[in-house]
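Enquirer: What follows is a predicted structure for the sequence shown.
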Amino acid sequence: MSAPTTHDEAPVPALAGFTVGVTAARRAEELGTMLERRGATVRHGPCIRIVPLADDTDLQERTRDLIGRPPDVTVATTGVGFRGWVEAAAGWGVGEQLLTALGTSRILARGPKARGQIRAAGLSEVWSPASESSAEMLDHLLAEGVAGQRIAVQLHGEPLRHVVEALERAGAEVVTVPVYRWMLPVDPVPMDRLTDAVLAGAIDVLTFTSAPAASALLARAGERGLRGDLLAALRTTVRVLCVGPVTAAPLEALDVPTWQPERSRLGAMVRTLESAAPALVRRLPVAGHVLELRGHAVLVDGELKTVPPAGMAVLRALACRPGRVVPREELVRALPGDDHDVESAVARLGASLGPATLIQTADERGYRLAVDPAAGPSRYDDQHGEQR
């Protein structure tokens, strides 16, 4: 939605000016790099850590049980989980026995990564859902009929209770295989700082790649007495982007709206945000220029301008009533923290934006954005019904 650029100007990246919070532990660097390539500022606060269970007695016992009494069906939910299971079994000296036992079963792969690891182990899957979802896999099994069958379900950090319970109600014996589990991070400070940034209005989009991360963030906020405030922010001012429906489920159960890609992949997740970014932009014709308000920056005639937090708070307040005078007292309330110096904030804002005519002083009453009167309502106002 930025203003047209000349042939020698580089286009402004789609996510420039937006700050994106990353809660992931695994593949956080990969996700952060993809976001930064599109111009986003990334704040990382891992909410969980992955603990492999290679030395777990329970996993070893279940593995030996499946070797002694092979399953009729094996469900592989993640590539890293299936590979970890096979590698753990090899470390116990029963790797080949496990592959032989699983090879006698019908193997279902939830997605291409699980499918790749199944084949890398010398096995082959009989079916994989197009949606890469546990729900479609469950529907497929129930449609085939599972009564009297023994089904091994490799978990991916989440218990998948709805899948297990549905299979058991249909008459199956289910053996869950927890190859790794989620735990809270050893150091909760980065997670706490991310929560504080959300509550301070410093995060535009918060991303989740697993349901346990969402649950952990809310649980930790609850310990700090901030759960209600965090939920309020996620329901209103902060957009929430999830990698898929399983990840989004605990948030949507709490009435937190989410964005999700059609395919549960990091790349698709980032592209979804990229395509949705225009919905986060406000564009205003001001004093012969075009202002485009992004999360924590502004484009003036297509040129990205970094604005200090206090100046951005003032600009947002002025943009809520474009062309009208906003009283000084109202702007004081909009300033972050204990900063009440409106004059300094306006001065810094003007210096950041460039053109001196964008913001006008109304005597001692307040300030206004010099919106072009003949321009009519902005696209943002048309879409959101904001009063002018």
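Expert: In hand now; what should we look at?

Enquirer: use CA for all of it now, contacts and neighbours both
Expert: Will do.

Enquirer: So which bits of the helix or strand containing W85 are buried?
Expert: Under the criterion DSSP states H and E, the helix or strand holding W85 is helix 79-91. Of all the residues in helix 79-91, those buried under the rule 16 or more other Cα atoms under 10 Å are G79, G81, F82, R83, G84, W85, V86, E87, A88, A89.

Enquirer: What average pLDDT does that helix get?
Expert: Model confidence over helix 79-91, given as mean pLDDT, is 90.

Enquirer: Contacts for it next, please.
Expert: By Cα atoms under 8 Å, 6 or more residues apart in numbering, the residues outside helix 79-91 that reach it are 52, 54-55, 60, 63, 76, 95-96, 98-99, 113-118, 121, 154-156, 179-180.

Enquirer: Which helix or strand lies directly C-terminal to that helix?
Expert: Going C-terminal from helix 79-91, and assigning secondary structure by DSSP H and E, you next hit helix 95-103.

Enquirer: That following helix - contacts with which helices or strands?
Expert: The criterion is 3 or more Cα pairs under 8 Å, 6 or more residues apart in numbering; DSSP states H and E, and the helices and strands that helix 95-103 contacts are helix 57-68, helix 79-91.

Enquirer: then that helix to PDB, C-alphas only?
Expert: As requested, C-alpha coordinates have been extracted for helix 95-103 and formatted as PDB (Å, rounded to 0.1, in the frame of the first residue of the first chain):
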ATOM      1  CA  GLY A  95      16.600 -50.100  16.100                       C
ATOM      2  CA  GLU A  96      16.200 -52.900  13.600                       C
ATOM      3  CA  GLN A  97      13.600 -54.700  15.600                       C
ATOM      4  CA  LEU A  98      11.600 -51.500  15.800                       C
ATOM      5  CA  LEU A  99      11.700 -50.900  12.100                       C
ATOM      6  CA  THR A 100      10.700 -54.600  11.500                       C
ATOM      7  CA  ALA A 101       7.700 -54.200  13.800                       C
ATOM      8  CA  LEU A 102       6.600 -50.900  12.300                       C
ATOM      9  CA  GLY A 103       7.100 -52.300   8.800                       C
END
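
Enquirer: heads up, I number from 36, so please use that
Expert: In the new count, where the first residue is 36, that last one comes out as helix 130-138.

Enquirer: does R359 count as helix, strand or coil?
Expert: Reducing the assignment at R359 to three states with DSSP: H, G, I helix; E, B strand; the rest coil gives coil.

Enquirer: is it true that it touches L404?
Expert: Yes - counting by Cα atoms under 8 Å, a contact exists between R359 and L404, whose distance comes to 7.1 Å.

Enquirer: Which one's more surrounded, these two?
Expert: Of the pair R359 and L404, L404 is the one with more neighbours under other Cα atoms under 10 Å, namely 25 against 17.

Enquirer: Next up, phi/psi of the more buried one, please.
Expert: Reported as degrees, to the nearest 10, the phi and psi values for L404 are phi -80, psi 130.

Enquirer: residue contacts, it?
Expert: V321, L353, A354, P357, G358, R359, V360, L393, I394, Q395.

Enquirer: Generate CSV for these, with distance to L265 as supplementary columns.
Expert: Listed next are these as CSV, based on distance: Cα to Cα, whole Å:
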residue, distance to L265
V321, 34
L353, 26
A354, 25
P357, 29
G358, 33
R359, 32
V360, 32
L393, 34
I394, 33
Q395, 36
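
Enquirer: Of those residues, which is the nearest to T68?
Expert: For the contacts of L404, the residue nearest T68 by Cα to Cα is A354; the value is 31.9 Å.

Enquirer: T109 belongs to a strand, doesn't it?
Expert: Yes - residue state for T109 (three-state DSSP) corresponds to a strand.
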